[in-house]
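J.: attaching a predicted model along with its sequence, questions to come.
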Amino acid sequence: MKKSANLRKAIMERRAVVVPGCHDALSAKVIEIAGFEAVQVSGFGLAASFLSKPDVGLMQMKDILDITANIVQAVDIPVMADLDTGGGNAINTADNVRRVIQMGAAGVNIEDQVFPKRCGHLAGKEVIPCEEMEGKIRAVVDVRNALDPDFLINARTDAYAVEGFEAAIERCNRYLAAGADLAFIDGIHTRVEIETAVQRLGGPLSVNLMDGITGVKTELVPIPELAKMGVGRVSIPVASILVAHRALMEFFAALRKSPTGILAGQTQWISSFEEFTQFVGIGDYRAMEEIYLPPCVLEKKYPDPLMN
């Protein structure tokens with residue numbers, strides 16, 4: 001079964017499939033090895049890791065597509081792309097979705113914010129007219145149906161912060177009627193609202209969860225409880241970039257403060273070089289060399305058998 005079909009099946013079972021966010025190919029591979037079924041490209045993670053900028057619409061679409069392609073190639077689990085507002089109008093959005101389908105992504109997030117968009121938990125959001133978003137979804141559905149009928153379309157609305165809960169529910173149902181497969185109410189607040197949304201939507205609900213972040217608005221509900229409610233997908237969108245940021249800050253702060261300028265013996269900070277090179281596939285690379293390179297080249301490259 002292809003990746004998009006696997007993802008579709010899992011989410012349509014409405015068992016709160018956990019789809020962590022990644023910010024690059026390395027973090028995506030970590031998520032895969034940890035045992036998660038799918039991975040979500042994090043828009044905030046891309047902006048932070050690629051530009052060291054906030055998620056306020058500064059990423060160029062070419063860069064988003066290039067990084068997403070790297071992520072798709074790095075893992076064997078389904079990848080959901082994040083195209084923010086789609087990169088323009090319905091025509092632009094459809095063309096960009098065509099590209100992520102062709103690169104092998106299993107699904108995509110499209111949101112109804114006014115460009116330049118911003119992270120869903122930042123103030124100052126605006127939303128486009130519902131009819132405009134419906135047109136984007138219809139255009140994306142036509143591309144999806146032509147290229148990969150299983151490709152998953154997640155329609156995100158940011159209307160909750162702007163127009164309230166009822167407006168967000170109405171928008172989600174209109175987006176689902178236009179052909180989206182699941183709907184995401186960004187910034188939904190409470191367990192009761194999540195349960196209400198599950199009951200009132202004409203398709204699966206997607207929610208974001210994240211602990212330890214000041215300003216995050218969605219109540220933390222255990223995954224088994226969300227599964228009992230019938231939530232389709234749970235994204236943990238910015239975990240990878242926040243974990244990486246903290247680890248880097250703490251390591252380099254300790255290194256700078258060390259009276260010797262080194263952290264001799266303090267191996268708790270890092271993976272071993274051997275462990276990491278194996279993680280990124282040096283063993284596979286060497287195996288391919290043994291198959292495809294002439295023996296004389298291998299002997300020159302690796303004169304000491306112990307260095308192989």
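T.: Structure received.
J.: drop to CA atoms for contacts and neighbour counts, all remaining ones
T.: OK.
J.: which residues in the stretch 101-250 of the chain form helices?
T.: Under the criterion DSSP state H, counting those that start in this stretch, the stretch 101-250 of the chain carries helices at the ranges 130-147, 159-163, 165-177, 191-200, 223-229, 239-257.
J.: weakest of those by average pLDDT?
T.: Looking over these, mean pLDDT reaches its minimum on helix 159-163, with a mean of 92.
J.: sorry, back to before: of the helices of the stretch 101-250 of the chain, which stretch is the most buried?
T.: Per residue and on average, the most neighbours among those fall to helix 165-177, with a mean of 21 (mean count of other Cα atoms under 10 Å).
J.: helices or strands next to that one in the packing?
T.: Packed against helix 165-177, as judged by 3 or more Cα pairs under 8 Å, 6 or more residues apart in numbering; DSSP states H and E, are the following elements: helix 130-147, strand 152-157, helix 159-163, strand 182-185.
J.: tell me the angle of it relative to helix 130-147?
T.: Following axes from the mean of the first three to the mean of the last three Cα atoms, to 10 degrees, one obtains 30 degrees for the angle between helix 165-177 and helix 130-147.
J.: what lies in contact with helix 165-177?
T.: If you take Cα atoms under 8 Å, 6 or more residues apart in numbering as the criterion, helix 165-177 is touched by 130, 133-134, 137, 155-160, 182-185, 188, 197, 200-203.
J.: what of stretch 228-243?
T.: Taking contacts as Cα under 8 Å, 6+ apart, the residues outside stretch 228-243 that touch it are 11-23, 27, 40-42, 44-45, 48-49, 182, 195, 198, 204-210, 223.
J.: mind running it again at 7 Å?
T.: The set of residues that contact stretch 228-243 without belonging to it, under Cα atoms under 7 Å, 6 or more residues apart in numbering, is 11-23, 27, 42, 44-45, 195, 198, 204-210.
J.: stretch 91-107 now?
T.: Here stretch 91-107 has contacts from 3-4, 7, 69, 72, 78-81, 86-87, 136, 139-140, 143, 151-153, using Cα under 7 Å, 6+ apart.
J.: what about Gln102, how many residues close to it?
T.: In terms of burial, Gln102 registers 13 neighbours under the definition other Cα atoms under 10 Å.
J.: would you mind measuring from it to Lys62?
T.: Summarising the geometry, the distance separating Gln102 from Lys62, computed by Cα to Cα, to the nearest Å, is 15 Å.
J.: ok so, going back, and the helices and strands packed on helix 165-177 as JSON lines, adding distance to Phe115?
T.: Shown next, in JSON lines, are these (distance: least, Cα to Cα, whole Å):
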{"stretch": "helix 130-147", "distance to Phe115": "12"}
{"stretch": "strand 152-157", "distance to Phe115": "14"}
{"stretch": "helix 159-163", "distance to Phe115": "14"}
{"stretch": "strand 182-185", "distance to Phe115": "18"}
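J.: would you tell me which of these gets closest to Ala34?
T.: Nearest to Ala34, of all the helices and strands packed on helix 165-177, is strand 152-157, at 23.2 Å by Cα to Cα.
J.: tell me what angle that closest one forms with helix 165-177.
T.: 150 degrees.
J.: using a markdown table, lay out the helices of the stretch 101-250 of the chain together with distance to Glu32.
T.: Output for the helices of the stretch 101-250 of the chain, formatted as a markdown table (distance: least, Cα to Cα, whole Å):
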| stretch | distance to Glu32 |
| --- | --- |
| helix 130-147 | 25 |
| helix 159-163 | 32 |
| helix 165-177 | 29 |
| helix 191-200 | 27 |
| helix 223-229 | 19 |
| helix 239-257 | 12 |
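J.: out of these, nearest to Lys217?
T.: Once those are compared by Cα to Cα, helix 159-163 is nearest, at 10.1 Å.
J.: what segments of the stretch 201-308 of the chain are strands?
T.: For the stretch 201-308 of the chain, applying DSSP state E, counting those that start in this stretch gives strands covering 205-208, 233-236.
J.: any chance of these in TSV, with mean neighbour count, distance to Ser271 and mean pLDDT too?
T.: Converted to TSV, these look like this (neighbours: other Cα atoms under 10 Å; distance: least, Cα to Cα, whole Å; pLDDT from 0 to 100):
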stretch	mean neighbour count	distance to Ser271	mean pLDDT
strand 205-208	26	30	96
strand 233-236	23	24	96
